[in-house]
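# Below is the sequence, then the predicted model.
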Amino acid sequence: MSIDFSINGREFVAYDTARGLVVGSTVDNRLRTLVPRSGLEDATGNPIWAEDRRSVLIAFQHAGESQIREFPVAGGTPRELVRFDGPVQRSGKGVMVERGGQLYFTLGENESDLWVVELEGTR
């Protein structure tokens with residue numbers, strides 16, 4: 001299981017191999033499945049909180065494409081934030097952080113490059 005705590009330490013997001021992508025509270029021990037395991041078969045990275053804590057980001061590798069997707073915590077349609085369609089560019093390490101409207105992440109298998117993209121749209 002990989003886990004990321006919110007800045008205030010009261011909430012967490014985790015990838016549980018049995019349940020899928022879950023969000024929980026350290027205050028009242030609530031745990032809720034955000035995305036079932038069947039919807040995460042191609043997930044390659046560790047989930048992280050978006051800066052505003054309204055969504056969770058996780059990396060995927062599917063059919064030769066690397067993607068970073070955003071899942072709204074309140075439910076709704078996931079959104080593709082970044083997609084690389086080159087088979088050389090893989091998001092196998094899955095290290096990400098979002099700060100100030102920018103997403104920083106690594107991309108590569110053995111030696112990663114650091115990438116930065118500016119996020120657009122309502123978040």
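That came through, no problem. Residues are numbered from 1 along each chain as shown.
# And stretch 60-80, end to end?
From its first residue to its last, stretch 60-80 covers 10 Å (CA to CA, to the nearest Å).
# now do stretch 3-22
Distance between the boundary residues of stretch 3-22 (CA to CA) amounts to 9 Å.
# Repeat that for stretch 70-78.
End-to-end distance for stretch 70-78: 5 Å, by CA to CA.
# so Asp4 is in which element?
Here Asp4, judged by DSSP states H and E, is contained in strand 2-5.
# same question, Tyr15
strand 11-16.
# Excluding its own residues, what touches that strand? List them.
1-6, 21-26, 34, 37, 40, 43, 46-49, 53, 56, 58 (CB atoms under 8 Å, 6 or more residues apart in numbering). Where you see a C-beta, it was placed from the backbone N, CA and C, and this is true even at glycine.
# now do 10 Å
Identification of contacts with strand 11-16 by CB atoms under 10 Å, 6 or more residues apart in numbering yields 1-6, 20-27, 30-31, 33-35, 37, 40, 43, 45-50, 53, 55-58, 71, 73, 94.
# where along the protein do the strands fall?
For the chain, applying DSSP state E gives strands covering 2-5, 11-16, 20-25, 31-36, 48-49, 55-62, 65-72, 79-84, 96-99, 102-107, 113-118.
# now the chain, which segments are flagged as low pLDDT?
In the predicted model, the chain carries pLDDT under 70 at residues 1, 85-96, 107-115, 121-123.
# Show which residue of it lies farthest from the average position.
Residue farthest from the centre of the chain, counting by CA atoms, centre = their mean, is Asp28 at 23.8 Å.
# these two touch, right, Thr17 and Arg37?
Yes - the pair Thr17 / Arg37 is scored as a contact, 7.2 Å apart, by CB atoms under 10 Å.
# Give me the more crowded residue out of these two.
Set Thr17 next to Arg37 and count neighbours by other CB atoms under 10 Å: Arg37 wins out with 15 against 9.
# which non-adjacent residue is nearest the more buried one?
Counting by CB to CB, 6 or more residues apart in numbering, Gly20 is the residue found nearest to Arg37 once chain neighbours are left out, at 3.9 Å.
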